[in-house]
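K.L.:
Sequence below, structure please.
(one chain, ligands or ions: 3)
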Amino acid sequence: MPGEDASVVVQVAVPRPLRRTFDYAASSPGALSPGTRVRVPFAGTHVVGIVAGVGDVSPFALKEIDEVLDQTPILSSDLVDLAAWLASYYHHPIGAVYATMLPAKARRGAPAEPVSEVTWQAVEDAEASELLKRAPKQRLAYERLQQLGGVLDSELKGLGFVRRHIAALRGRGLVRARPLAPCYSAGDPRSHLRPTAAQAAAIEAISASLGSASTHLLDGVTGSGKTEVYLQVIGEVLRQGRQALVLVPEIALAPQTTARFKERFGAAATLHSAVSDAQRFDIWCKCASGAHKVLIGTRSAIFTPFADLGVIIVDEEHDGSFKQGDGLRYSARDVAVKRGRMLSIPVVLGSATPSLESLQNVRLGRYQYAALKERAGGALMPTFRLLDIRGQRLDRGLCEPLHDAMARHLAANNQVLVFLNRRGYAPALLCAKCAWRAQCDHCDAKLTYHRAHRARHQDLRREAAGQLRCHHCDWRCAAPSRCPSCGAAELTPVGTGTQRAEEALVERYPNVPLYRIDRDTTRSARRLAADLAALRSGAPAILVGTQMLAKGHHFPNVTLVAILDADSGFLSADFRGPERTAQLIIQVAGRAGRALRAGEVCIQTFDPDNANLTALISAGYGAFARNELELRAAAHMPPFAALAVIRADSETETGAATLLGEAREVIEGDEVEVLGPAPAPIARRADRHRFQLLALASRRADLRRALTRLEDAAPKAPGVRWAIDVDPVDTL
Ligand code: ADP
Ligand code: ZN
Ligand code: ZN
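P.N.:
Ligands and ions are numbered 1, 2, ... in the order given. The predicted model follows:
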């Protein structure tokens, strides 16, 4: 019989990169279930850990837990199981897995209580437009608030509202703050769009599987109404009293996307990189309590606890941003599928360009498949045209036939989108006299030349004056005015980036407004929102930009999409190069002609006979994917083999390579094929020499065993960092 001071052993995961949990004694075991935060003494200090398991009475004298921080576990039991799975699947220390899952505020031990916040609502007032005649920005804010019905205080910024405008509107008595809980409704089915036959079939199949584990690939061309399918499925989930999680790529979280969900359901919480940590934790708590019914979020939202989750949707499932690039290198898409299985709920993966992994899973019968082959609402698919630029004179990256097409579309009062996946002015700066070229001192990479921006109109974009920047380590310096090597007075920018294409287009079409959208111009969400709003007015305009244009945003008035350089992606050193390039081309092309105007896509290429390119544009993404899958099978690459990359870097030239040589010996076995160590394609980055080892196995279990051996061996060398990346999105 346990005595008065009987205590149980609890296994605690501490926030350190350690693979094991630590045993502590707890004298009040009643409150302790896995997933509870506890403060424990550890290595001379006190840390917040997570109870990973509860054991029996201990025969040993153990240190006592200092304090139990949660009345009910902060992580539901499915998340505790998920953490264990993550640690083993990604070969990552359990303590670090928990640290990745929890918001920083939770890691510090803050109480898990949702704060009550206000909802901003527009006050109906017939005089409003008169009152706001001279305050167009306030009027815009007022009208949007009216449209949205109400916006949580924490969501103002994410939706592009400016606090100052809200305060001014409040002063005028046109908005009020209500201490309201988010008010969800399942949406009125009468207000739904009538689904097309294909949409109806998808909705039917997914709805039929609510309450059981299944994964659905929703393969639908851009504009085919995938979002409407999500909305109607979520409506059904809400009617059943359960919650929904929607994962989207980072950039897709534009106000447009969230507004559609809010309009349908009255509210929706959003989690993305701009959300403060306090808000993040608050949303977490409200999802756990069931106050929030719909959460739209980027990658890390997959770790949110829910009272009763009914469905997970992953939009643009092919997108690389679902994979975390450091620390716990998880794929939020794959974790979603796993979590769905654990919770016995359906997971919907949607894309116009599904990943080869997901297509293969459909073939193997693991995923159900639904296709939306046509655009909803009768919009037409764009037509493709290859522009052969061999031997053509290019003016800053654009050929004459492309200008002809642009002029035609602009004259017809339409908008044109010019896509070029390279920001800055020119990817290289050369001396024509002595062949000096601007190189990063810290990387094996060329520096990109960025021009000082000329102020146009009232458009004051803050960009640094003539700079050389390294796109790999972010090192910057003022661009030299003379050749640092021979003193020649002129340096030549070579190649075209978005700034240079912008310059050419402004010269050529001085009367057409031009918007450049890349990482340098869109640091501010407000700026981007203003550009997008201007474009929605529909007047002729040119958009120049990088892959940011390919995601999330719809440009209903764009009828011509110009892709300046399709070739470089297909030539990439990475095995996913062709897949990613094809996805990018189709995604950018999908921005064209979404309304009732037919779209045209012009692709400039030096290689018009490229098999990838011709398959893609004549037979479509599906045919391209079938070809590419055959090549992957022949090359024994994913999805036909399980792949991991072991990456190492060191200050010395040999440290990383030597360590990976040892790692190779540990993981080599009959069932695992090991390639390397070889220098990474960018062999030096931020002064560190980078090497990698590829490990491939037909059966995942074999790869897992080999990687576990490596974890156990834990090779070490001074100054060498290394990490295992399971299912890497690239090998660069
Ligand atoms: P996707 O998510 O596949 O890109 P959306 O759901 O955004 O497509 O739909 C594209 C456009 O078609 C939207 O303007 C949407 O309102 C419209 N739409 C979707 N479904 C229907 C439908 N069943 N009937 C009419 N219009 C629809
Ligand atoms: Zn020179
Ligand atoms: Zn660099």
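K.L.:
who does the helix or strand hosting Q587 touch, helix- and strand-wise?
P.N.:
Here Q587 is covered by helix 577-589, with elements defined by DSSP states H and E. Judged by 3 or more C-beta pairs under 8 Å, 6 or more residues apart in numbering; DSSP states H and E, helix 577-589 is in contact with strand 558-563, helix 567-570, strand 600-605, helix 611-619, helix 621-635. C-beta: built from backbone N, CA, C; applies to glycine.
K.L.:
Out of those, which is the most enclosed?
P.N.:
Counting by mean count of other C-beta atoms under 10 Å, strand 558-563 has the highest mean neighbour count of the helices and strands packed on helix 577-589, with a mean of 25.
K.L.:
mind listing what that strand pairs with, with the direction of each?
P.N.:
If you go by DSSP bridges, strand 558-563 pairs up with strand 415-419 (parallel), strand 600-605 (parallel).
K.L.:
want to try TSV for those strands, with distance to A198 and mean pLDDT as columns?
P.N.:
As requested, the strands paired with strand 558-563 are arranged in TSV below (distance: least, C-beta to C-beta, whole Å; pLDDT from 0 to 100):
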stretch	distance to A198	mean pLDDT
strand 415-419	27	95
strand 600-605	23	94
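K.L.:
Make TSV out of the ones you listed and add distance to ligand 2.
P.N.:
Below are the strands paired with strand 558-563 laid out as TSV (distance: least, C-beta to the ion, whole Å):
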stretch	distance to ligand 2
strand 415-419	32
strand 600-605	31
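K.L.:
so H91 touches T708, yeah?
P.N.:
Yes: if you go by C-beta atoms under 8 Å, H91 and T708 touch, sitting 7.0 Å apart.
K.L.:
Which among the strands paired with strand 558-563 is found nearest to ligand 3?
P.N.:
strand 415-419 (25.6 Å; C-beta to the ion).
K.L.:
Point out the residues in the chain that sit beside ligand 3.
P.N.:
Residues of the chain lying close to ligand 3 (C-beta under 5 Å from the ion) are 440, 442-443, 470, 472-473, 475.
K.L.:
Nearest spatial neighbour of the residue of the stretch 501-650 of the chain found nearest ligand 3, chain-adjacent residues omitted?
P.N.:
Closest residue of the stretch 501-650 of the chain to ligand 3, C-beta to the ion: D649 (13.4 Å). Spatial nearest neighbour of D649, excluding adjacent residues (C-beta to C-beta, 6 or more residues apart in numbering): R688 at 4.1 Å.
K.L.:
now the one you found: how far from A717?
P.N.:
13 Å (C-beta to C-beta, to the nearest Å).
K.L.:
which of those two has more neighbours?
P.N.:
R688 (20 against 16; other C-beta atoms under 10 Å).
K.L.:
show me what contacts that one?
P.N.:
By C-beta atoms under 8 Å, 6 or more residues apart in numbering, the residues touching R688 are 649-651, 656, 721.
K.L.:
How about the contacts made by I313?
P.N.:
Residues near I313 by C-beta under 8 Å, 6+ apart: 230, 233-234, 244-247, 347-348, 350.
K.L.:
how would you label E204: helix, strand or coil?
P.N.:
helix (DSSP: H, G, I helix; E, B strand; the rest coil).
K.L.:
Grab the nearest non-local neighbour of C477.
P.N.:
Among residues not flanking C477 along the chain, L468 sits closest, at 5.4 Å (C-beta to C-beta, 6+ apart).
K.L.:
you'd agree the one you found is in a helix?
P.N.:
No: read with three-state DSSP, L468 is strand and lies in no helix.
K.L.:
got the buried residues for the helix holding Q587?
P.N.:
Under the neighbour-count criterion of 16 or more other C-beta atoms under 10 Å, helix 577-589 has 577-589 buried.
K.L.:
quick one: average confidence on it?
P.N.:
Averaged across helix 577-589, pLDDT comes to 93.
K.L.:
same check, this time on stretch 530-542
P.N.:
Here stretch 530-542 scores 85 as its mean pLDDT.
K.L.:
That stretch near ligand 1 anywhere?
P.N.:
No: on the criterion C-beta under 6 Å from any ligand atom, stretch 530-542 is out of touch with ligand 1, staying 12.6 Å away.
K.L.:
distance between that stretch and the chain's centre?
P.N.:
25 Å (C-alpha atoms, centre = their mean, to the nearest Å).
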